[in-house]
Structure formats: C-alpha cells, structure tokens
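Trainee: just the structure for this:
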Amino acid sequence: GGGGGGGGVATWNGLPQGAAWSEVGELAGQVARKLEVELGTLGADARSLVQHGDEQAARDLTRSLFLRSVDMAAGLAAHLRRTAQDLATQAERHLKSATLALADSSGSGNGNGGSAGVSMSPGVAGGTGAGGPRDGGNSWAEAEALEALDLAARAMDGALVVARVARGMRDCAGLQALLVTDTPGLQRSLGASSGADRISIEQLHAAFIVTDNDGDGVLDALEACEAVESVLACGHLLELDPEALPSVTLAEFSLAATAILEPPFEPRLALGECLDAVFLGAHRAWAKQAAKTHKIALKAEVSAWLASAERAGSPGGPAQEATWRAEHGSWVSADDPTPTEDGASGTSGGASGGEGMEKAPGSGAPGEGGAGSGLAAPASVSAPLHRFLFAAAADFKRVASPADAVPDPASGKPHNVGGGGGGATVSWQLRRLLVGECLDALATVYHEASLELASMDGCAEAAVLQLLADAHFLKAWAQHAAKLAKEKENAAALALAAAGST
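Mentor: Below you'll find the predicted structure:
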C-alpha cells in the first residue's frame with residue numbers, strides 16, 4: 001500500500017502467515033483478474049450507452065472512455081513504479097544499517113570480521129549458526145545487523161510482489177482491450193483533431209530528453225507539462241494530474257500524452273513497456289540487494305580465511321602448511337590427483353590434475369616424517385565462494401516462478417521481459433541480472449583480498465593457490481556469461497528481423 005496522492009511512503013509487512021513465496025505469483029494473478037473483471041464491466045456499460053445514443057455522442061463517449069482509460073493505465077503504471085521504488089529504497093537503507101552494524105561487530109568482537117556463526121541469507125530472520133547471536137562484546141551489534149537484514153528482505157519481498165502484480169497487469173486482456181486504437185469509431189473520433197494539435201512520438205521523446213536535465217529518466221509532472229508547452233505548439237493541450245502522476249518516465253509520459261500524439265501510436269504497447277520496466281526495475285534492485293547481502297558474509301569469511309593463512313605462513317615449517325590445508329577445502333597432489341580433505345598423498349595414482357607437479361621436499365602431512373607428498377593444488381573453489389554461490393542460487397530459486405521459464409510469444413522485442421525472440425525468457429532475464437550483480441560483488445571482494453594478501457608478511461602457499469583457482473573460475477564464469485548474453489541478443493535480433501520480414 002502507498003499514501004494517497006503519491007506523497008505517502010509504501011509499507012510492507014511481509015507475506016501472509018504461512019504463505020510460501022511460490023504463492024506470490026497466484027496472489028498477483030488474482031489482483032490482475034479482479035481488475036480485468038471490473039474493466040470488462042465498465043466496457044459493457046460503455047457499449048450499452050453507445051448503442052442508445054446518436055453517432056456523434058457515441059464517438060465522443062468512445063473517445064472519452066479511451067482517453068480516461070489511457071490516463072488510468074498511466075497512473076496505474078506510475079503508482080506501481082513508485083511503490084516498488086519506495087520499497088526497494090527501504091531495503092537499501094536497512095542493508096546499509098546491517099553493514100554498519102557488522103562493522104561495529106568486527107571492531108569490538110573477536111577480530112574475525114564478525115562472521116562467526118552468522119547467516120546472511122535474506123528472508124531468514126535471526127539466522128545464526130548457533131541459534132542466535134553468539135556471546136561476546138559484539139552480540140548486540142550482530143543482533144542489530146540480523147534484524148536489519150530481515151527488514152531489508154521483507155521490504156524487497158514487497159517490491160517483488162508489486163513487480164509480479166505489474167507482470168499480471170501486462171497480460172490483463174481487459175486492460176489491453178480498452179487501449180486498442182484500431183476500432184473505426186475510435187479512429188474517426190481521434191482523427192478529428194489534427195495539425196497543430198498533434199505531434200509525433202519522436203517529437204515528444206525529444207522534448208522529454210531535452211527537459212531531463214539530470215538524465216535519470218524521470219520528470220516531475222508539472223515540469224514536464226511546462227517544458228512540453230514551451231517546446232511544442234500543442235503542449236498546452238497536455239494535462240497531467242500531479243496527484244496521479246507526480247513523476248513520469250518516458251514510457252509513462254508517452255502513454256499519458258496519447259491525446260496529442262499522431263497515429264500510429266499504440267498505447268497498449270507503451271503500457272507494456274511501463275509494466276516491464278516496473279518488473280525489471282524491482283528485480284534489478286533485488287539482484288543488487290541479494291549480491292550485497294551475500295557480499296557482506298563473503299567479505300568477512302575471506303578476511304578470516306586470509307588471517308588464518310597468514311598465521312599458517314609464519315615460521316613453523318611445512319607441518320603448519322599441511323594443517324591449514326587439512327582445515328580448508330579439498331586438494332590434489334602430484335602422486336595422488338584424487339581430491340582429499342587434507343591434501344596428503346594417496347595411493348590411487350593417475351595423471352589428471354597432478355601431472356607435471358614437482359614434489360616439495362618436506363611438505364608431507366603431519367605424522368609422515370617429512371616425506372614429500374607433492375605440491376598440493378585446490379580441487380575446487382574455496383569454501384567461502386561455494387557458500388556465496390549456493391546462497392545466490394537459493395535466492396534465485398526463491399523468487400523465480402516455473403512460469404518464468406516459458407517464452408512469451410506476445411512479445412517480439414528483444415528488450416522486453418518475456419521476449420520470445422531468441423528464447424529470452426523471464427527466468428533468463430532474472431538470472432542474468434543476478435549473475436551480473438554477483439560477479440561485480442565478487443570482483444570487489446577478491447580485489448580487496450589481493451590487496452590484503454600483498455600487505456601480509458607471510459601467507460600459506462596453499463591459500464595463494466586457492467585464491468588463484470577462485471580467480472580463474474570467476475574469470476571463466478564472467479566470460480561465459482558475456483558470451484551467453486551476446487548469443488541471446490543476436491538470436492533475439494534475428495528473430496525480430498524475421499518477424500518483420502514476414
């Protein structure tokens with residue numbers, strides 16, 4: 001819900017008790033179907049009035065109903081956008097509070113970055129490895145951070161519900177039917193005004209861009225009217241209700257300005273762009289929050305991980321190095337490429353993974369009398385990176401709907417949410433958003449880790465190899481993601497070109 005007149009702040013108290021996130025799509029669909037029924041009733045009443053009036057009255061009524069429907073659609077899209085943005089802003093504010101609280105926890109706690117036992121998964125209130133914040137001087141700060149993370153997750157869930165409602169509105173047949181301009185009576189009534197009273201969509205877009213001084217893609221309603229009036233001859237005919245449209249995007253502005261636009265202009269397509277923007281905007285904010293939330297935990301874990309590696313790299317001999325390997329991940333060696341928990345040599349032999357590695361004298365595991373076990377190499381990415389990836393995957397599974405994997409044949413534009421061209425489904429779009437944000441977060445954390453590593457007096461050799469393995473994995477992942485995105489874009493462009501040629 002939001003305050004009246006666009007001046008209120010959206011609030012969200014979470015899903016109903018016991019409701020699973022998978023039910024959100026159905027709840028949003030119920031809202032869409034309810035509106036569709038109401039719009040169908042309104043359309044039936046309008047047709048009845050047209051049948052009992054004269055021809056001119058019928059045209060005037062048809063035009064009036066159409067323009068009021070356009071205004072309603074623009075106001076609906078703008079309201080959904082503002083509500084989703086308000087909730088996403090609240091989530092961002094709570095996430096910043098959690099970051100500050102964890103910084104306090106790190107400064108006053110046990111020196112391991114405040115990460116011990118704390119679960120950073122959004123939507124899990126009070127999640128800790130031991131059932132609650134651990135005892136110590138930083139327990140209060142950790143409790144505050146967990147509460148802030150829970151509030152951030154709740155606010156973001158609200159934004160995602162709004163996004164799902166927008167997605168339902170996009171497929172609302174009743175709403176779409178009210179915005180169709182190809183009926184003869186409506187064409188004649190809309191064509192009655194022409195010349196200086198009508199402008200092209202390109203002129204309207206140019207006026208909007210000229211007025212958008214800060215380049216954020218949003219204009220104040222009154223500012224937009226004044227600017228268009230000074231730029232366009234028919235700007236005085238454009239009336240935007242500042243209560244319903246306190247701010248407008250380019251697509252919303254185009255929709256609201258239908259009365260002064262030259263044909264051909266399809267307001268239903270403009271509405272689709274508005275609702276797609278709401279959907280993607282909310283999920284873009286979700287992806288950022290999910291990546292930042294898991295980045296907080298990853299950063300603390302990597303810092304603690306490097307601190308232990310620094311201690312293992314201090315004077316103490318190969319035994320200390322092997323002990324660190326035994327406590328961190330699985331490893332392969334020259335004489336046994338089979339992954340083990342401690343990196344000690346085995347008896348299976350083989351060539352994969354350990355070929356060409358020279359034995360390191362005295363690098364055997366504790367208790368082996370200093371016999372060389374071969375240079376150990378990581379068998380997989382590090383445990384902190386594993387946890388980050390699984391947490392991000394769980395986030396995606398939590399918000400994605402099975403229907404998101406179905407291509408949308410109604411959309412032919414490659415940038416649309418359900419762009420059927422090239423198979424760019426909603427699920428793929430959401431995954432691309434999350435992958436991009438996760439890669440950015442990981443790049444930041446590992447860059448900071450490399451700087452921290454460079455400032456150390458000593459470090460376990462195995463830790464350096466593990467960081468290199470993580471870096472190679474992330475580089476390959478980023479290259480694959482970029483290649484896949486390029487292939488999808490090319491496929492969508494080809495599908496759109498094929499549709500245009502037919």
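
Trainee: average pLDDT across stretch 255-274?
Mentor: Averaged across stretch 255-274, pLDDT comes to 82.

Trainee: gap between the two ends of that stretch?
Mentor: 9 Å (CA to CA, to the nearest Å).

Trainee: pull out the buried residues from that stretch.
Mentor: 255-262, 265, 267-274 (16 or more other CB atoms under 10 Å). The C-beta positions use only the backbone N, C-alpha and C, and glycine is treated the same way.

Trainee: where's Val248, which helix or strand?
Mentor: Applying DSSP states H and E as the criterion places Val248 in strand 247-249.

Trainee: helices or strands next to the helix or strand that comes right after that strand in the packing?
Mentor: Using DSSP H and E, the next helix or strand after strand 247-249 towards the C-terminus is helix 250-256. Counting contacts by 3 or more CB pairs under 8 Å, 6 or more residues apart in numbering; DSSP states H and E, helix 250-256 packs against helix 55-108, helix 201-211, helix 267-312.

Trainee: now do the buried residues in the helix or strand following the longest one.
Mentor: Scanning the chain past helix 55-108 towards its C-terminal end, the next helix or strand to appear is helix 139-170 (assignment: DSSP H and E). Neighbour counts using 16+ other CB under 10 Å place 139, 141-170 of helix 139-170 among the buried residues.

Trainee: same check on stretch 478-490?
Mentor: So, applying 16+ other CB under 10 Å, buried residues of stretch 478-490: 478, 481, 488.

Trainee: restricted to helices, list these.
Mentor: Those of the buried residues of stretch 478-490 mapping onto helices are 478, 481, 488, per DSSP state H.

Trainee: closest one of these to Thr83?
Mentor: Closest approach to Thr83 among these (CB to CB): Lys488, at 30.2 Å.

Trainee: tell me which stretches of the stretch 401-502 of the chain form helices.
Mentor: Here the stretch 401-502 of the chain has its helices, by DSSP state H, counting those that start in this stretch, at 426-454, 461-501.

Trainee: the shortest one packs against which elements?
Mentor: Helix 426-454 sits against helix 267-312, helix 383-399, helix 461-501, with contacts defined as 3+ CB pairs under 8 Å, 6+ apart.

Trainee: let's see it at 6 Å
Mentor: helix 267-312, helix 461-501 (3 or more CB pairs under 6 Å, 6 or more residues apart in numbering; DSSP states H and E).

Trainee: and those helices, which one is worst for confidence?
Mentor: Note on these: lowest mean pLDDT is at helix 461-501, with a mean of 85.

Trainee: wait, Ala251 sits on Leu275?
Mentor: No: contact criterion CB atoms under 6 Å: Ala251 and Leu275 do not qualify, at 9.2 Å.

Trainee: export stretch 386-396 to CSV, keeping only CA atoms.
Mentor: C-alpha atoms of stretch 386-396 as CSV (Å, rounded to 0.1, in the frame of the first residue of the first chain):
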residue,chain,number,x,y,z
HIS,A,386,31.0,-22.1,-2.5
ARG,A,387,28.7,-20.7,0.2
PHE,A,388,28.3,-17.4,-1.8
LEU,A,389,27.3,-19.3,-4.9
PHE,A,390,24.8,-21.6,-3.2
ALA,A,391,23.2,-18.8,-1.3
ALA,A,392,22.8,-16.8,-4.5
ALA,A,393,21.3,-19.8,-6.3
ALA,A,394,18.9,-20.3,-3.4
ASP,A,395,17.8,-16.6,-3.7
PHE,A,396,17.1,-17.1,-7.4
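
Trainee: contact partners of that stretch?
Mentor: Under the criterion CB atoms under 6 Å, 6 or more residues apart in numbering, residues 121, 290, 294, 298, 434, 438 lie in contact with stretch 386-396.

Trainee: by neighbours, which of the residues you listed wins?
Mentor: Highest neighbour count within the contacts of stretch 386-396, by other CB atoms under 10 Å: Leu298, with 28 neighbours.

Trainee: spatially nearest residue to it, not counting backbone neighbours?
Mentor: Excluding its sequence neighbours, the residue lying closest to Leu298 (CB to CB, 6 or more residues apart in numbering) is Phe388, at 4.7 Å.

Trainee: for Ser333, see how far away that neighbour is.
Mentor: Distance, Phe388 to Ser333, by CB to CB, to the nearest Å: 27 Å.

Trainee: higher neighbour count, the two?
Mentor: Between Phe388 and Ser333, counting by other CB under 10 Å, Ser333 is the more crowded of the two (28 against 25).

Trainee: residue contacts, the nearest residue to Ala152 once chain neighbours are set aside?
Mentor: Take Ala152 and drop its neighbours on the chain: the residue closest to it by CB to CB, 6+ apart is His94, 3.7 Å away. When contacts are counted by CB under 6 Å, 6+ apart, His94 touches 148, 151-152.

Trainee: out of the helices of the stretch 401-502 of the chain, which gets nearest to Ala326?
Mentor: helix 461-501 (10.0 Å).

Trainee: could you tell me the angle between the closest one and helix 383-399?
Mentor: In terms of direction (axes from the mean of the first three to the mean of the last three CA atoms, to 10 degrees), helix 461-501 departs from helix 383-399 by 30 degrees.

Trainee: between helix 461-501 and helix 426-454, how many degrees?
Mentor: 150 degrees.

Trainee: for helix 461-501, packing partners?
Mentor: Other helices and strands packing on helix 461-501, by 3+ CB pairs under 6 Å, 6+ apart, are strand 377-378, helix 426-454.

Trainee: please identify the most buried of those.
Mentor: Highest mean neighbour count of these: strand 377-378, a mean of 22 (counted as mean count of other CB atoms under 10 Å).

Trainee: as CSV, the ones in helices among the buried residues of stretch 478-490 with distance to Thr444 would be great.
Mentor: What follows is these, written out as CSV (distance: CB to CB, whole Å):
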residue, distance to Thr444
Ala478, 13
Ala481, 17
Lys488, 26
